[in-house]
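**Student:** Please find the sequence and the predicted model below.
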Amino acid sequence: MQEFTTACPRNCYSTCTFKVFVDNGKVVNIEPHPLNLATPEGICLKGLSYVERANSPDRILYPHRKDASGKFVRISWAEAFDSISARLNHYKEHYGQQSVLFYAASGMSGLMNDFSLKFWRNLYGGATTVYGNLCWPAGLEATRLTLGENKHNVPWDLENAKLIVLWGKNPAESNIQEMIPIGKAIDNGAELVVIDPRRTDSSQQAKMLLQPFPGTDAALALAVANIIILNDWHDKAFIENYVIGFDAFRQHAEKFSSQWASEITGVSEELIYKLAWSIAHVKPMTLIPGYGMQRYTNGGQTVRCLLALSVITGNIGKPGACWHYANLQSYVFDDVLEPLCYYPPKTPDGIIRRAIPTARLGEAMLEMKNPQLKMMWVERGNPVAQNPDTTTVLKAIRKLDFRVVVDQFFTDTALEADIVLPAKNMFEQSDIIGSYWNPYVQLKQKVVKPAGEVMPENEIYYHLALKLGLSKEEVEKQLILPGEENVQRYLEGQLAQFPELSYEKLKEGPALAPNLQEIAFSDMVFATPSGKIEIFSQQATELWGANQLPTYEPLAEGDIKTEVDSKYPLFLMSPNTKNRIHSQFNNLKVIKMLNPEPFVEINPSDARSRNIGDGSMVKVFNGRGEVVVKANLTYLVRVGCVVIHNGWWATEGCSVNNLSKGRETDMGHGTAFHDNRVEVKRS
């Protein structure tokens with residue numbers, strides 16, 4: 001039995017460190033690793049399920065081609081490379097390299113992913129790519145505009161807070177490790193406030209729960225700011241020394257009364273006032289916003305409004321006082337730090353690439369001219385399940401001549417492919433990863449040989465480049481030779497710029513990021529144009545055409561007076577679940593035991609008026625599509641809202657993005673698929 005230290009590379013807050021045990025070349029057990037102070041007490045069910053995931057009989061271990069009957073048949077790598085290279089050369093010669101779309105998402109993080117774009121950009125000579133992100137960029141950009149960069153206090157600093165505000169976040173499901181310091185803070189006398197349209201596991205110990213309608217959080221925050229300022233509860237010294245734009249914000253906030261906010265949000269004026277009192281008087285406060293709120297058309301401005309509450313009360317840069325949104329200090333190798341790398345090219349260069357928005361993937365693919373898209377390559381993603389407007393995404397993908405998908409399982413997207421290539425799992429190649437929550441740089445160690453004929457993606461590109469007719473010298477200028485020893489040499493070279501880090505040290509466990517600021521902004525240095533916190537942001541207007549001040553903008557589908565909302569009166573929420581990361585893990589037997597089928601949660605009051613009983617089959621629909629699922633009647637969801645957890649595959653019975661529309665957020669090129677109204681009726 002061999003024991004290794006490794007780390008989870010999934011798109012998840014925790015980025016857990018754990019011990020993995022290997023026997024006879026197979027992963028047989030996983031245990032927590034105490035050296036990661038953010039994840040010391042154990043890993044989640046998804047982490048434990050890696051044993052099944054690594055050894056699943058459903059895993060793709062060989063290249064496959066779809067035959068004339070639509071069935072997938074095993075082929076050799078030689079056949080796969082012959083077919084793909086012939087297509088790539090044909091499309092490049094007859095239509096130009098931009099007729100090929102390269103789509104990659106966040107299924108597995110790490111430095112080794114850099115070689116994908118090096119192939120498409122530097123070896124193939126260009127491609128159409130995507131810009132934007134499905135996850136968090138509106139909030140990232142809102143934070144950058146205000147504070148200059150995205151960082152927050154280390155997770156264990158939460159124990160120092162006297163007030164913790166979970167605003168639209170449910171860490172008991174989406175960030176379970178965070179519940180440990182929250183619990184310790186409560187044991188030390190801290191108060192917990194939760195703002196969420198749902199009652200969640202995270203709200204069980206809350207002193208106060210406010211349940212606004214989805215997408216109205218900015219209105220609530222502005223009313224709270226108004227009350228704080230009117231009552232002279234703001235931190236004048238902090239504002240005087242470190243904040244730009246407060247006077248303009250003060251005048252702006254005057255029109256946002258608690259009565260106005262109550263009518264919009266559905267939260268009583270009494271609760272709004274109590275929230276304002278707590279935020280102003282219970283210090284230090286850590287405000288923890290979730291990512292779901294910024295996936296609306298008003299997402300960036302919503303985050304700016306919430307952040308303003310931390311600013312005007314002086315809860316920045318101190319122990320226990322923090323805006324706890326995203327901590328990118330461990331992304332020491334990554335341009336994602338600042339400025340954001342989600343922007344499209346300012347001017348298409350005509351040679352290297354053109355880019356389309358991931359938020360509008362299906363529509364944008366269909367709109368492409370000169371040249372039209374002919375081929376798509378997908379890796380680390382499942383856009384058929386995860387991108388908005390599934391119907392249009394499918395239409396665009398099926399219109400292509402040729403599709404290649406690299407994956408571990410036959411996902412909804414893989415089933416649309418002409419050729420499916422087997423992807424490595426996290427145990428089959430070493431890599432370096434960071435975290436957007438904890439402050440560690442970590443080594444994801446190779447612990448087993450790739451199963452079957454699995455080939456790491458960088459090796460796929462190496463052999464494909466040679467098959468395209470490129471010389472070995474050309475290829476090796478951009479890519480590394482196959483083999484783990486070459487991977488290690490590359491990673492050691494990346495680490496060499498940081499004396500605090502070494503490959504051997506990372507094999508033992510996680511290392512704190514170089515130049516880590518454990519208390520973010522404790523030096524009161526802000527990388528904004530003014531060098532201060534900017535509540536008033538000229539860049540918000542220059543870059544995004546947004547109001548210079550944080551403000552409330554109604555949702556595209558949020559005004560109940562419009563026809564769309566009278567036809568589809570219910571807010572659809574599609575939050576994460578602790579049982580999977582978006583569309584990953586739910587195909588595993590150990591997960592299906594706890595989460596066997598999709599369902600819609602609906603308040604009994606809304607169900608009663610529609611003659612829906614608990615367990616009834618219902619149709620959830622709008623003008624874009626429908627899904628048919630069982631109804632789960634629960635008072636955990638407020639009246640006027642329904643919930644279907646995201647990530648189900650169509651083959652599992654529920655493609656929730658049949659109901660969403662491809663829209664961008666107000667800033668950051670995020671994806672506003674939560675801005676979504678539906679109706680429910682018995683099926």
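**Tutor:** Cool, got the structure. Numbering: from 1, shown residues only.

**Student:** Just to confirm, what's the three-state secondary structure of residue 421?
**Tutor:** Three-state assignment for residue 421 (DSSP: H, G, I helix; E, B strand; the rest coil): strand.

**Student:** Verify the stated contact: it with residue 62.
**Tutor:** No - taking contacts as C-beta atoms under 8 Å, residue 421 lies outside contact range of residue 62: 9.1 Å. All C-beta atoms are positioned from the backbone trio N, CA, C, and that covers glycine.

**Student:** And these two? Which one has more around it.
**Tutor:** A count of neighbours by other C-beta atoms under 10 Å puts residue 421 above the other of residue 421 and residue 62, at 26 against 17.

**Student:** Mind listing the residues bridging to the more buried one?
**Tutor:** Beta-bridge pairing for residue 421 (DSSP bridges): residue 406.

**Student:** Local confidence estimate at it?
**Tutor:** For residue 421, the pLDDT comes out at 98.

**Student:** need the contact list for it.
**Tutor:** Contacts for residue 421 (C-beta atoms under 8 Å, 6 or more residues apart in numbering) come out as 63, 80, 404, 405, 406, 407, 455, 460.

**Student:** how much space between the fifth one and residue 103?
**Tutor:** Translated: residue 406. Distance of residue 406 to residue 103, given as C-beta to C-beta, to the nearest Å: 11 Å.

**Student:** For residue 417, state which of the contacts of residue 421 is nearest.
**Tutor:** residue 405 (4.0 Å; C-beta to C-beta).

**Student:** That closest one reaches residue 422, doesn't it?
**Tutor:** No - counting by C-beta under 8 Å, residue 405 does not reach residue 422; the two are 10.5 Å apart.

**Student:** out of the two, which sits in the busier spot?
**Tutor:** Neighbour count, other C-beta under 10 Å: between residue 405 and residue 422, residue 405 has more, with 28 against 24.

**Student:** quick one, what contacts that one?
**Tutor:** So, once contact is read as C-beta under 8 Å, 6+ apart, residue 405 ends up touching 377, 378, 379, 411, 413, 414, 416, 417, 419, 420, 421.

**Student:** try residue 305
**Tutor:** By C-beta under 8 Å, 6+ apart, the contact set of residue 305 is 217, 218, 221, 222, 225, 550, 551, 552.

**Student:** what do you get for residue 178?
**Tutor:** Residue 178 makes contact with 13, 14, 155, 158, 171, 288, 437 under the criterion C-beta under 8 Å, 6+ apart.

**Student:** how about a cut-off of 7 Å?
**Tutor:** Residue 178 is in contact with 13, 155, 171, counting by C-beta atoms under 7 Å, 6 or more residues apart in numbering.

**Student:** so what's the closest residue to residue 323 other than its chain neighbours scoring on pLDDT?
**Tutor:** With C-beta to C-beta, 6 or more residues apart in numbering as the criterion, residue 323 has its nearest non-adjacent residue at 4.6 Å, and that residue is residue 310. For residue 310, the pLDDT comes out at 98.

**Student:** isn't there a helix covering residue 310?
**Tutor:** Yes - secondary structure of residue 310 (three-state DSSP): part of a helix.

**Student:** ok, and the closest non-adjacent residue to residue 97?
**Tutor:** Nearest residue to residue 97, sequence neighbours excluded (C-beta to C-beta, 6+ apart): residue 126, at 4.4 Å.

**Student:** how close does that neighbour get to residue 230?
**Tutor:** Counting by C-beta to C-beta - residue 126 and residue 230 are separated by 56 Å.

**Student:** Give me the more crowded residue out of these two.
**Tutor:** Neighbour count, other C-beta under 10 Å: between residue 126 and residue 230, residue 126 has more, with 20 against 15.

**Student:** got a list of what the closest residue to residue 587 other than its chain neighbours touches?
**Tutor:** Take residue 587 and drop its neighbours on the chain: the residue closest to it by C-beta to C-beta, 6+ apart is residue 409, 5.8 Å away. Residue 409 makes contacts with 58, 59, 60, 587, as judged by C-beta under 7 Å, 6+ apart.

**Student:** out of those, what pair is the most spread apart?
**Tutor:** The distance between the two most remote of the contacts of residue 409 (C-beta to C-beta) is 11.8 Å, for 60 and 587.

**Student:** between these two, which one's more packed in?
**Tutor:** Using other C-beta under 10 Å as the criterion, residue 60 and residue 587 rank with residue 60 on top: 25 against 20.

**Student:** next one: phi and psi at the more buried one?
**Tutor:** Main-chain dihedrals, residue 60, degrees, to the nearest 10: phi -80, psi 120.

**Student:** how close does it sit to residue 395?
**Tutor:** According to C-beta to C-beta, residue 60 stands 25 Å off from residue 395.
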